[in-house]
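J.: Return a 3D structure for these sequence lines:
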Amino acid sequence: MTTRRRNVAVIGGYRASAYEADLAYHLGKLLARDGYNLIQGGRQGVMLHAARGFQEQREISQSRCVVVGLLPGHDASDATAYLDVALPTGMGYLRNGLITCASDAVLAIGGMAGTLSEISLAWQMGKPIALLGSSRWSELLGDRPLDARRADRLIRLNGAEDAGVWLASQWTK
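T.: Got it, this is the predicted structure:
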């Protein structure tokens, strides 16, 4: 019996600062290196940079992991070129629930209200969640529970390597 490859969502802003873009790129590389599938919204900003890093590293490591983009519209015309699978949902922001549901863990970089909705949905679904960098959500929500329904907390991480260690610990408990 083979072990199922884990799906990790990288969520964040449609617009990314240079710092967030770099962080997303290195996180994508780490996910490919460590053999995770990348689940995301499939468009610009954090999504594009994570997918680009993932694809570049996958070529080097010859991994069989994939990047899946769950797109808000009815077609794939606005998808980043770095996706292996572009799935138009026609659901707009409601597709955030699909992204979190399809993932075993969620990593958030920056973002605005859409990212906050994904964090909230992941929390309600019992998914492990980490906030990376010095984003708005990391500052406001990091290192505390989102509400009383869970005993754990939203984890704050500094960079991609910290995320790799944290992800590995999620399935060795």
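J.: From here on, just use CA atoms for contacts and neighbour counts.
T.: OK.
J.: Can you give me the buried ones in the strand or helix carrying residue 50?
T.: Taking DSSP states H and E as the criterion, residue 50 maps to helix 46-61. Across helix 46-61, burial judged by 16 or more other C-alpha atoms under 10 Å covers 46-58.
J.: Just after it, pick out the following helix or strand.
T.: strand 67-71.
J.: Partner strands of that next one and their direction?
T.: Applying DSSP bridges, strand 67-71 is found paired with strand 37-40 (parallel), strand 85-88 (parallel).
J.: Return it as PDB; C-alpha atoms alone will do.
T.: C-alpha atoms of strand 67-71 as PDB (Å, rounded to 0.1, in the frame of the first residue of the first chain):
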ATOM      1  CA  VAL A  67      -0.100  22.100  -8.900                       C
ATOM      2  CA  VAL A  68      -3.900  22.300  -9.000                       C
ATOM      3  CA  GLY A  69      -5.600  25.700  -9.500                       C
ATOM      4  CA  LEU A  70      -9.300  26.000  -8.500                       C
ATOM      5  CA  LEU A  71     -10.400  29.000 -10.600                       C
END
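J.: now that strand, how far from the centre of its chain.
T.: Distance, stretch centre to chain centre, for strand 67-71: 11 Å (C-alpha atoms, centre = their mean, to the nearest Å).
J.: now stretch 141-149
T.: 19 Å.
J.: Buried ones in stretch 146-159, by neighbour count?
T.: Buried residues in stretch 146-159, counted by 16+ other C-alpha under 10 Å: 146, 152-157, 159.
J.: just stretch 63-73 next, same as before
T.: 63, 65-73.
J.: first vs last residue of that stretch, how far apart are they?
T.: One end of stretch 63-73 sits 29 Å from the other (C-alpha to C-alpha, to the nearest Å).
J.: Provide the contact partners of that stretch at residue level.
T.: Identification of contacts with stretch 63-73 by C-alpha atoms under 8 Å, 6 or more residues apart in numbering yields 5, 32-33, 35-43, 51, 54, 58, 79, 82-95, 98-99.
J.: Could you rerun that using 6 Å?
T.: Stretch 63-73 is contacted from outside by 35, 37-42, 83-92, using C-alpha atoms under 6 Å, 6 or more residues apart in numbering.
J.: what's the next secondary structure element after the helix or strand bottoming out on mean pLDDT in the chain?
T.: In the chain, no helix or strand scores lower on mean pLDDT, DSSP states H and E than helix 136-141, which sits at a mean of 83. As assigned by DSSP H and E, the chain's next helix or strand after helix 136-141 is strand 155-157.
J.: Could you list every helix and strand that that next one packs against?
T.: Secondary-structure packing of strand 155-157 (3 or more C-alpha pairs under 6 Å, 6 or more residues apart in numbering; DSSP states H and E): strand 129-132.
J.: Tell me the strands beside the strand it packs on, with direction?
T.: When pairing is defined by DSSP bridges, strand 129-132 lines up against strand 105-109 (parallel), strand 155-157 (parallel).
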